[in-house]
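Visitor: Fold the stuff below for me.
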Amino acid sequence: MPVLRQVPRAEATADIVLTMYDRLFGDRDPVSEPGTATGTPGDWWTVFALAPDILQHAVDGFAVYRHPSRKIDPVLRELGQTRAGWVKSSQFVFSQHCKSLRGLGVSEEMIAAIPYWTVSDVFNDEQRAVLAYADCLSQAGGRVPVQVFDKLKTFWTDEQIFEFTYITCLYDMHAVMTRALGLEFDNRADPIVEVAAPKGFSAADFLSAARPAKRD
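Guide: Model (predicted):
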(Lines give C-alpha, C1' and ligand atoms only; values in the text may rest on other atoms or scores of the structure.)
Protein backbone atom coordinates (compact mmCIF):
# COMPACT_ATOMS: atom_id res chain seq x y z
CA MET A 1 0.00 0.00 0.00
CA PRO A 2 1.15 3.59 -0.58
CA VAL A 3 2.37 5.62 2.38
CA LEU A 4 -0.49 8.11 2.06
CA ARG A 5 -4.25 7.66 2.00
CA GLN A 6 -5.92 7.02 -1.34
CA VAL A 7 -9.10 8.82 -2.38
CA PRO A 8 -11.96 6.44 -3.20
CA ARG A 9 -14.41 7.32 -5.95
CA ALA A 10 -17.16 8.01 -3.42
CA GLU A 11 -15.10 10.87 -1.96
CA ALA A 12 -14.01 12.36 -5.27
CA THR A 13 -15.74 15.61 -6.23
CA ALA A 14 -13.21 17.53 -8.36
CA ASP A 15 -13.71 17.34 -12.12
CA ILE A 16 -10.08 16.42 -12.82
CA VAL A 17 -10.20 13.50 -10.38
CA LEU A 18 -13.46 12.12 -11.75
CA THR A 19 -12.29 12.61 -15.33
CA MET A 20 -9.07 10.67 -14.76
CA TYR A 21 -10.81 7.97 -12.73
CA ASP A 22 -13.33 7.45 -15.54
CA ARG A 23 -10.59 7.42 -18.19
CA LEU A 24 -8.32 4.97 -16.39
CA PHE A 25 -10.64 2.80 -14.32
CA GLY A 26 -14.02 2.98 -16.02
CA ASP A 27 -16.80 2.88 -13.44
CA ARG A 28 -14.69 1.01 -10.84
CA ASP A 29 -13.56 2.42 -7.53
CA PRO A 30 -9.79 2.52 -8.11
CA VAL A 31 -9.07 2.04 -4.41
CA SER A 32 -11.14 -1.09 -3.81
CA GLU A 33 -10.65 -2.40 -7.39
CA PRO A 34 -7.20 -1.18 -8.46
CA GLY A 35 -5.49 -1.75 -11.78
CA THR A 36 -5.13 0.05 -15.11
CA ALA A 37 -5.13 -1.25 -18.66
CA THR A 38 -1.34 -0.80 -18.80
CA GLY A 39 -0.79 -3.16 -15.87
CA THR A 40 -0.06 -0.59 -13.16
CA PRO A 41 -1.90 -0.57 -9.82
CA GLY A 42 -3.02 3.02 -10.50
CA ASP A 43 -2.36 4.34 -7.01
CA TRP A 44 -0.35 7.29 -8.38
CA TRP A 45 -3.72 8.73 -9.40
CA THR A 46 -5.58 7.91 -6.20
CA VAL A 47 -2.89 9.51 -4.02
CA PHE A 48 -2.49 12.59 -6.22
CA ALA A 49 -6.26 12.97 -5.93
CA LEU A 50 -5.63 14.17 -2.35
CA ALA A 51 -4.89 17.58 -3.91
CA PRO A 52 -6.91 17.97 -7.11
CA ASP A 53 -5.14 21.18 -8.15
CA ILE A 54 -1.76 19.42 -7.93
CA LEU A 55 -3.18 16.49 -9.91
CA GLN A 56 -4.32 18.98 -12.54
CA HIS A 57 -0.85 20.53 -12.59
CA ALA A 58 0.74 17.09 -13.08
CA VAL A 59 -1.67 16.17 -15.87
CA ASP A 60 -0.94 19.49 -17.56
CA GLY A 61 2.75 18.62 -17.30
CA PHE A 62 2.16 15.36 -19.16
CA ALA A 63 0.43 17.34 -21.90
CA VAL A 64 3.33 19.80 -22.11
CA TYR A 65 5.97 17.23 -22.95
CA ARG A 66 3.79 15.62 -25.62
CA HIS A 67 2.56 18.91 -27.09
CA PRO A 68 2.97 19.32 -30.88
CA SER A 69 4.95 22.52 -30.33
CA ARG A 70 7.84 20.60 -28.73
CA LYS A 71 11.01 20.81 -30.80
CA ILE A 72 12.97 17.78 -29.61
CA ASP A 73 12.96 14.28 -31.05
CA PRO A 74 10.60 12.12 -28.92
CA VAL A 75 13.20 9.33 -28.76
CA LEU A 76 15.82 11.67 -27.30
CA ARG A 77 13.24 13.01 -24.88
CA GLU A 78 12.32 9.51 -23.73
CA LEU A 79 15.96 8.53 -23.31
CA GLY A 80 16.24 11.35 -20.80
CA GLN A 81 13.08 10.38 -18.95
CA THR A 82 14.03 6.70 -18.85
CA ARG A 83 17.57 7.40 -17.68
CA ALA A 84 16.24 9.73 -14.95
CA GLY A 85 14.02 6.90 -13.72
CA TRP A 86 16.96 4.50 -13.61
CA VAL A 87 19.30 6.97 -11.90
CA LYS A 88 16.72 7.73 -9.22
CA SER A 89 15.98 3.99 -8.75
CA SER A 90 12.32 4.42 -9.65
CA GLN A 91 11.12 1.14 -11.07
CA PHE A 92 7.85 2.84 -12.04
CA VAL A 93 9.30 5.73 -14.07
CA PHE A 94 11.98 3.53 -15.63
CA SER A 95 9.50 0.81 -16.56
CA GLN A 96 6.88 3.14 -18.01
CA HIS A 97 9.36 4.96 -20.21
CA CYS A 98 11.01 1.79 -21.43
CA LYS A 99 7.55 1.03 -22.81
CA SER A 100 7.33 4.52 -24.32
CA LEU A 101 10.66 3.97 -26.09
CA ARG A 102 9.43 0.64 -27.40
CA GLY A 103 6.33 2.36 -28.71
CA LEU A 104 8.55 4.77 -30.62
CA GLY A 105 10.29 1.86 -32.33
CA VAL A 106 13.48 1.82 -30.27
CA SER A 107 15.23 -1.54 -30.31
CA GLU A 108 15.25 -3.91 -27.36
CA GLU A 109 19.05 -3.80 -27.44
CA MET A 110 19.09 -0.04 -26.94
CA ILE A 111 16.44 -0.09 -24.19
CA ALA A 112 18.38 -2.78 -22.33
CA ALA A 113 21.60 -0.74 -22.61
CA ILE A 114 20.28 2.42 -20.93
CA PRO A 115 21.58 1.40 -17.47
CA TYR A 116 25.11 0.94 -18.90
CA TRP A 117 25.02 3.43 -21.76
CA THR A 118 28.54 4.70 -20.99
CA VAL A 119 30.09 1.43 -22.16
CA SER A 120 27.58 0.55 -24.87
CA ASP A 121 28.15 1.07 -28.59
CA VAL A 122 24.47 1.03 -29.59
CA PHE A 123 24.01 4.79 -29.11
CA ASN A 124 25.05 7.43 -31.64
CA ASP A 125 26.84 10.67 -30.73
CA GLU A 126 23.62 12.65 -30.23
CA GLN A 127 22.07 9.98 -28.02
CA ARG A 128 25.23 9.73 -25.93
CA ALA A 129 25.31 13.49 -25.44
CA VAL A 130 21.66 13.48 -24.35
CA LEU A 131 22.25 10.62 -21.90
CA ALA A 132 25.33 12.39 -20.54
CA TYR A 133 23.26 15.54 -19.95
CA ALA A 134 20.47 13.49 -18.32
CA ASP A 135 23.08 12.14 -15.91
CA CYS A 136 24.28 15.67 -15.16
CA LEU A 137 20.72 16.62 -14.26
CA SER A 138 19.57 13.55 -12.34
CA GLN A 139 22.79 12.11 -11.01
CA ALA A 140 25.00 15.18 -10.55
CA GLY A 141 22.21 17.48 -9.35
CA GLY A 142 22.63 19.94 -12.21
CA ARG A 143 26.41 20.09 -12.29
CA VAL A 144 27.12 20.24 -16.04
CA PRO A 145 30.56 20.58 -17.64
CA VAL A 146 30.58 23.24 -20.36
CA GLN A 147 31.77 20.59 -22.81
CA VAL A 148 28.40 18.81 -22.48
CA PHE A 149 26.58 21.97 -23.54
CA ASP A 150 29.08 22.49 -26.34
CA LYS A 151 28.23 19.03 -27.68
CA LEU A 152 24.47 19.51 -27.29
CA LYS A 153 24.65 22.78 -29.21
CA THR A 154 26.10 20.98 -32.25
CA PHE A 155 22.64 19.51 -32.91
CA TRP A 156 20.14 21.33 -30.64
CA THR A 157 19.05 24.93 -30.35
CA ASP A 158 18.91 26.64 -26.96
CA GLU A 159 15.12 26.16 -27.03
CA GLN A 160 15.53 22.41 -27.50
CA ILE A 161 18.07 22.16 -24.69
CA PHE A 162 15.67 24.05 -22.42
CA GLU A 163 12.80 21.70 -23.33
CA PHE A 164 14.89 18.63 -22.57
CA THR A 165 16.10 20.13 -19.29
CA TYR A 166 12.56 20.86 -18.11
CA ILE A 167 11.14 17.48 -19.12
CA THR A 168 14.00 15.44 -17.67
CA CYS A 169 13.86 17.34 -14.37
CA LEU A 170 10.09 16.91 -14.29
CA TYR A 171 10.51 13.14 -14.46
CA ASP A 172 13.36 13.23 -11.98
CA MET A 173 10.80 14.77 -9.60
CA HIS A 174 8.19 12.12 -10.41
CA ALA A 175 10.77 9.38 -9.82
CA VAL A 176 11.64 10.80 -6.41
CA MET A 177 7.99 11.24 -5.43
CA THR A 178 6.88 7.76 -6.45
CA ARG A 179 9.74 6.22 -4.48
CA ALA A 180 9.14 8.38 -1.41
CA LEU A 181 5.39 7.68 -1.32
CA GLY A 182 5.60 4.02 -2.32
CA LEU A 183 3.48 4.43 -5.43
CA GLU A 184 2.94 1.97 -8.26
CA PHE A 185 5.98 -0.26 -8.94
CA ASP A 186 7.97 1.64 -6.31
CA ASN A 187 5.85 0.14 -3.53
CA ARG A 188 8.62 -2.26 -2.56
CA ALA A 189 11.04 -2.86 0.24
CA ASP A 190 14.30 -0.95 0.31
CA PRO A 191 16.99 -3.36 -0.98
CA ILE A 192 19.69 -1.88 1.27
CA VAL A 193 19.36 -3.72 4.58
CA GLU A 194 21.82 -5.30 6.99
CA VAL A 195 22.79 -8.84 6.11
CA ALA A 196 22.76 -10.92 9.27
CA ALA A 197 26.02 -12.36 10.57
CA PRO A 198 26.36 -16.13 10.93
CA LYS A 199 24.62 -17.62 13.93
CA GLY A 200 26.78 -17.34 17.04
CA PHE A 201 28.97 -14.58 15.58
CA SER A 202 29.06 -11.75 18.17
CA ALA A 203 29.87 -8.05 18.03
CA ALA A 204 33.12 -8.83 19.85
CA ASP A 205 33.99 -11.34 17.13
CA PHE A 206 33.34 -8.67 14.49
CA LEU A 207 35.57 -6.13 16.24
CA SER A 208 38.29 -8.71 16.61
CA ALA A 209 38.09 -9.67 12.94
CA ALA A 210 38.17 -6.02 11.86
CA ARG A 211 41.16 -5.10 14.03
CA PRO A 212 44.40 -4.71 12.02
CA ALA A 213 46.90 -7.50 12.60
CA LYS A 214 49.92 -6.63 14.70
CA ARG A 215 53.24 -6.51 12.93
CA ASP A 216 56.23 -8.37 14.32
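Visitor: And the strands in this structure, which stretches?
Guide: In the chain, no strands are defined using DSSP state E.
Visitor: mind giving me the domain ranges of it?
Guide: 9-64, 71-186 (automatic domain parsing).
Visitor: Now tell me which helix or strand of this structure has the poorest mean pLDDT.
Guide: Of all helical and strand segments in the chain, the minimum by mean pLDDT, DSSP states H and E falls on helix 203-210, at a mean of 68.
Visitor: hey, which of the domains of the chain is tucked in deepest?
Guide: domain 71-186 (a mean of 18; mean count of other Cβ atoms under 10 Å). C-betas here are computed from N, CA, C, even on glycine.
Visitor: for Ala14, what are its contacts?
Guide: Shown in contact with Ala14 (Cβ atoms under 8 Å, 6 or more residues apart in numbering): 49, 52, 55.
Visitor: coming back round to it: of the domains of the chain, which is nearest Val3?
Guide: domain 71-186 (4.9 Å; Cβ to Cβ).
Visitor: Run the chain-centre distance for the closest one.
Guide: 9 Å (Cα atoms, centre = their mean, to the nearest Å).
Visitor: and what of stretch 35-47?
Guide: Here stretch 35-47 shows a centroid-to-chain-centroid distance of 15 Å under the convention Cα atoms, centre = their mean.
Visitor: what's the first-to-last distance across it?
Guide: Start and end residues of stretch 35-47 are separated by 14 Å (Cα to Cα, to the nearest Å).
Visitor: heads up, I number from 126, so please use that
Guide: Happy to do that; since the first residue is 126 now, the last one works out to stretch 160-172.
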